[in-house]
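[1] Give me coordinates for this.
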Amino acid sequence: MSEATPTPAKILTYREIDWDKPLKSSAPGTAPPKELVEQAEKVGARRKKIVKGEGGFFMNRSQLPAGYRVPPHHHNHDEMLIVLSGGCTFDDDFGEAQADDTIVIPAKNRYGFTCGPEGMEFLTIRLGEATTEL
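    Presented below is the predicted three-dimensional model:
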């Protein structure tokens, strides 16, 4: 019995990846609510979809300005957020996150947050392309 050829490793070069246009680039049924995207674009919030299913992973890198508010919402996949810089305060006394903190949020767990005075840059890692419901 022969072994299947493994998928080769791949380098995803950050500087070669364009900033996302979520309403145009999302997989069917996974685009965030239009009003959320429009509000984010107005204030300069943005993300790059870096890993799009390679190895079963999905990863975004997001940059949000100071005071930016992400309204309460939930996703259909578990997710892990890794704060690279800045920080935020979560709703409902969930707590605060700062640079180098990691937050694990199970699927269907509703949450919202407000970015601190430095804004926030973070990675979101999931094992599937997620939907967003307000």
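[2] For the rest of this, base every contact and every neighbour count on C-alpha atoms.
    OK.
[3] Show me what the least confident helix or strand in the chain by mean pLDDT is in contact with.
    Using mean pLDDT, DSSP states H and E, helix 22-25 stands out as the lowest-scoring helix or strand of the chain, at a mean of 81. Taking contacts as CA atoms under 8 Å, 6 or more residues apart in numbering, the residues outside helix 22-25 that touch it are Ala31, Pro32, Lys34, Val37.
[4] Only C-alpha atoms, please: export it in CSV.
    Taking Å, rounded to 0.1, in the frame of the first residue of the first chain, the C-alpha atoms of helix 22-25 are listed here in CSV:
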residue,chain,number,x,y,z
PRO,A,22,-15.3,41.4,3.3
LEU,A,23,-18.4,42.0,1.3
LYS,A,24,-16.7,41.0,-1.9
SER,A,25,-14.3,38.3,-0.8
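[5] Now do the helix or strand following it: everything it contacts.
    Tracing the chain past helix 22-25, the next element assigned as helix or strand by DSSP states H and E is helix 34-43. Where contact means CA under 8 Å, 6+ apart, the residues beyond helix 34-43 that reach it are Pro22, Leu23, Arg46, Pro65.
[6] Is there a neighbour count for Ala99? I'd like the number.
    Using other CA atoms under 10 Å, Ala99 has 15 neighbouring residues.
[7] buried stuff in stretch 100-115?
    Buried residues in stretch 100-115, defined by neighbour count with 16 or more other CA atoms under 10 Å: Thr102, Ile105, Tyr111, Gly112, Phe113, Thr114, Cys115.
[8] coming back round to it: pull out the buried residues from the contacts of helix 34-43.
    Among those, those classed as buried by 16+ other CA under 10 Å are Pro22, Arg46, Pro65.
[9] Please tell me I have it right and the second one contacts Pro65.
    It stands for Arg46. No. Counting by CA atoms under 8 Å, Pro65 is not a contact partner of Arg46; they are 9.2 Å apart.
[10] Can you spell out which helices and strands pack onto the one helix or strand Gln63 maps to?
    When secondary structure is defined by DSSP H and E, Gln63 falls within strand 58-64. Helices and strands touching strand 58-64, by 3 or more CA pairs under 8 Å, 6 or more residues apart in numbering; DSSP states H and E, are strand 46-52, strand 111-126.
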